[in-house]
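Participant: attaching a predicted model along with its sequence, questions to come.
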Amino acid sequence: MKTTELTAAELAEIERKYDPETAFRATGWYLGVVVSALLVAMSVYHFYASGFALIPELMHRGIHISFVLGLVFILFGWRKAPTTQVAPARWWRFQGVPYLDLLWAVLAISAAMYLPLLPPEIVAQRVGNPNQTDIFMGTALLLLTLEAARRSVGPTLPIIGIVFILFALFGPYAPGALKHGGTSWLGLINHLYMTNQGIYGIAIGVMAKYVFLFILFGVLATRIGLGQLFIDLAMVIAGRYAGGPAKVAIFSSAFMGTISGSSIANTVTTGALTIPAMKKVGYSGRFSAAVEATSSTGGQITPPILGAAAFIMVEYLEIPLRDILAAALFPALLHYFGIFIMVHLEAKRLGLRGLTAEEMPKLGLVLKQHWLSVIPLIILVYMILAGRTPDYAAVYGIIACVVVGVLNPVNRLTLLDFWNALADGAKNTLAVGAAAATVGIVVGVVTLTGVGFRLGYVVVQTASDMGAFIGQIWPFSIATVAQWSLFLSLVLIAVACIIMGAGIPTTATYIILVAVAAPALAVQNIEPIVAHFFVFYYGVLADITPPVALAAYAAAGIAGSNPFQTGNTAFRLGIAKALVPFVFVYSPALLLVADGFTWSAFTITLIGAMLGIASLGVAFSGYLLTTLRLWERWWVAVVSLLFIAPGILTMGLGIALMLPILLLQVSRAKAVPQAKVQNTD
């Protein structure tokens, strides 16, 4: 089986093109050595600080921000570099980096470390009454944080940060319920810089304490062969069946999601193998790319790594990480189940084959070569389930990776490999660190002005007004005003999450939107973990939702398909992810750890959700045993909503209404043998 149609350099360029977080600037050799040493030092520091040292919280966060901002200004240019070549020598550049960027890096480090280096009693005295130096350093850090985020994640998040800053300053001129007393620049800097409610807040704290280590673990686990093990196992499990390569894409992306929370990185890593293989057996390029992109976005909702948002939840909700992972398990499985159904139906519709024995690896050989690489993941999961803190589990997972890397003769880590893994792990955290610091600005404004509760009120009031209007014009009553209000609140929040997520990282979307959604859903008596997961899921969905479906666009670059059409197809394949949040809002038992959990409620909800997702897959695919007529597709789509609404009665009614379609399909399949359908891209 041919593994790829693109070189490693071409794949890296695709990832660089569609993922601004990896668009690093090339530097000269001497500066490159210094940068590499700083990246390794960053990894070593975080490992030491989390595993062996007791560093004050403000100092730890300040050091993390210093590393992040300093390296961002060196590795990310004012504009995205058109090539990966070092910029030509000029009097205003040093080793490809402008002297001005080096100045910004030094100023950012100074501003980030200024406060942590002051005696704690001095800092406490100045909170509420900062001096001129405090204001200068705070202003510098605020502006440089916004610029670092613009360079590393794009303009959308900094623009949102600026809008919130203006909202804080000009509150008396805000419309309606958003109006507030406003604040001065001194008051703003005092809150965002001098306290732990802004730049030094929870977001950057979680990045420094947890997320960095888990990203480093993912890089090391991949280097010792765990990623290859996952891909080979996926081929062994699913490759032989109809449309095998597409099913391999689902399983391999699900496995890769256990160690990586990046949608685009997962897309490029597994897509290099699966997309050419899918096209080879007969899938269109557009469908192949969409399958890979949709599967890869599941990495952010797949335990045990999830995305950085999972660790933010740990801090916000003050519950163990194992509870977050338990809550994420079955919604993630439903996501992959939905993709699998559509892929299988497409394979049957087109009459596609699976992989031959010669095209698949041998299970015995795969396990013999790579079984050691799974040990660090087992240790990590065991530590989390045993109730250890996430950073404790990650430290031991990293140690296990190093030990396995030294002992495993197949994927043995050399000193150079280890050095590069430490550098790459740190490099992969820079953009998310800059985003977290910027999100701290937004969250700080929210706590300063109370805008979260104001926006929550606006959402609930708007949904209530819409519900009352629908109740008046609807010919018969199908829901109360309160029920309409809840449903429409969820729709409004879901749309806001998708729009926000179109231009900023998932974690930033989650933190910003949860500040609005949590108060809005709390009014509707939705428990916190359900509200947080609802926002999280819709933020992830943005990666496959046009017009800015970055994971789908990266997959389209590998497949050579139309990016926008690929995004549309990916959204259709990921429809389960769009419906599952509504399921667990109306039946929280699906999250396992929600209040009022019972096994009977969980079983009914899970079976109903699977039937509903499968029915939607049939409706969107237009195929079950034979091709469905248009009215049959609409019938199945409407009936599928009954399955998703939890309850024995709705499930029974759904099954009864599906029986006529099933009988028609059986009779039609017997009467007319199906010919292979020609596929076009």
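Facilitator: The structure has been received and is ready for your questions.
Participant: without its sequence neighbours, what residue ends up closest to Val530?
Facilitator: In space, Val530 comes closest to Pro588 once its chain neighbours are excluded; the distance is 5.1 Å by C-beta to C-beta, 6 or more residues apart in numbering. Placement of C-beta: from N, CA and C, glycine included.
Participant: pLDDT score assigned to the one you found?
Facilitator: Reported pLDDT at Pro588 in the predicted model: 89.
Participant: would you confirm that it contacts Ala594?
Facilitator: Yes: between Pro588 and Ala594 there is a contact under C-beta atoms under 8 Å: 3.4 Å.
Participant: report the set of residues contacting both of these two.
Facilitator: In the contact map built from C-beta atoms under 8 Å, 6 or more residues apart in numbering, the residues linked to both Pro588 and Ala594 are 527, 529-530.
Participant: now the residues you listed in CSV, with pLDDT, secondary structure and neighbour count?
Facilitator: Shown next, in CSV, are those (pLDDT from 0 to 100; DSSP: H, G, I helix; E, B strand; the rest coil; neighbours: other C-beta atoms under 10 Å):
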residue, pLDDT, secondary structure, neighbour count
Glu527, 86, coil, 16
Ile529, 89, helix, 21
Val530, 89, helix, 20
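Participant: where does the prediction get shaky in the stretch 551-681 of the chain?
Facilitator: 672-681 (pLDDT under 70).
Participant: hey, where'd the strands end up in it?
Facilitator: Using DSSP state E, counting those that start in this stretch, the stretch 551-681 of the chain contains no strands.
Participant: can you check the stretch 1-150 of the chain too?
Facilitator: Using DSSP E, counting those that start in this stretch, strands in the stretch 1-150 of the chain cover 93-94, 97-98.
Participant: quickly compare those strands and say which is most buried.
Facilitator: strand 97-98 (a mean of 19; mean count of other C-beta atoms under 10 Å).
Participant: run the chain-centre distance for it.
Facilitator: Strand 97-98 sits 32 Å away from the centroid of its parent chain (C-alpha atoms, centre = their mean, to the nearest Å).
Participant: so what are the sheet partners of it and their directions?
Facilitator: Strand 97-98 pairs in its sheet with strand 93-94 (antiparallel), by DSSP bridges.
Participant: how far does the partner strand sit from its chain's centre?
Facilitator: Worked out by C-alpha atoms, centre = their mean, strand 93-94 lies 36 Å from the chain centre.
Participant: sorry, back to before: can I get the strands of the stretch 1-150 of the chain in a markdown table including distance to Ile135?
Facilitator: A markdown table is the format used below for these (distance: least, C-beta to C-beta, whole Å):
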| stretch | distance to Ile135 |
| --- | --- |
| strand 93-94 | 31 |
| strand 97-98 | 27 |
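Participant: save the ones you listed as TSV, and put in mean pLDDT and distance to Val638 too.
Facilitator: Output for the strands of the stretch 1-150 of the chain, formatted as TSV (pLDDT from 0 to 100; distance: least, C-beta to C-beta, whole Å):
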stretch	mean pLDDT	distance to Val638
strand 93-94	89	62
strand 97-98	92	59
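Participant: could you pull up the residues touching the residue nearest to Val530?
Facilitator: 527, 529-530, 594-597.
Participant: what separates Glu527 from Glu315, distance-wise?
Facilitator: Look at Glu527 and Glu315: by C-beta to C-beta, to the nearest Å, they are 17 Å apart.
Participant: over to Ala293?
Facilitator: For Ala293, the distance to Glu315 - C-beta to C-beta - is 30 Å.
Participant: more neighbours: which of these two?
Facilitator: Comparing Ala293 with Glu315 by other C-beta atoms under 10 Å, the one with more neighbours is Ala293, at 36 against 15.
Participant: can you name every helix or strand that whatever helix or strand that one lives in contacts?
Facilitator: Following DSSP states H and E, the helix or strand that holds Ala293 is helix 285-297. Counting contacts by 3 or more C-beta pairs under 8 Å, 6 or more residues apart in numbering; DSSP states H and E, helix 285-297 is packed against helix 244-256, helix 263-281, helix 321-350, helix 550-559, helix 563-573.
Participant: just want the angle from the first one to helix 563-573.
Facilitator: It refers to helix 244-256. 80 degrees (axes from the mean of the first three to the mean of the last three C-alpha atoms, to 10 degrees).
Participant: pLDDT of helix 244-256, averaged?
Facilitator: Here the average pLDDT along helix 244-256 is 85.
Participant: may I see the buried residues of that helix?
Facilitator: By 16 or more other C-beta atoms under 10 Å, the buried positions in helix 244-256 come out as 244-256.
Participant: adding distance to Val439, write the helices and strands packed on helix 285-297 out as JSON lines.
Facilitator: Listed next are the helices and strands packed on helix 285-297 as JSON lines, based on distance: least, C-beta to C-beta, whole Å:
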{"stretch": "helix 244-256", "distance to Val439": "26"}
{"stretch": "helix 263-281", "distance to Val439": "19"}
{"stretch": "helix 321-350", "distance to Val439": "19"}
{"stretch": "helix 550-559", "distance to Val439": "19"}
{"stretch": "helix 563-573", "distance to Val439": "25"}
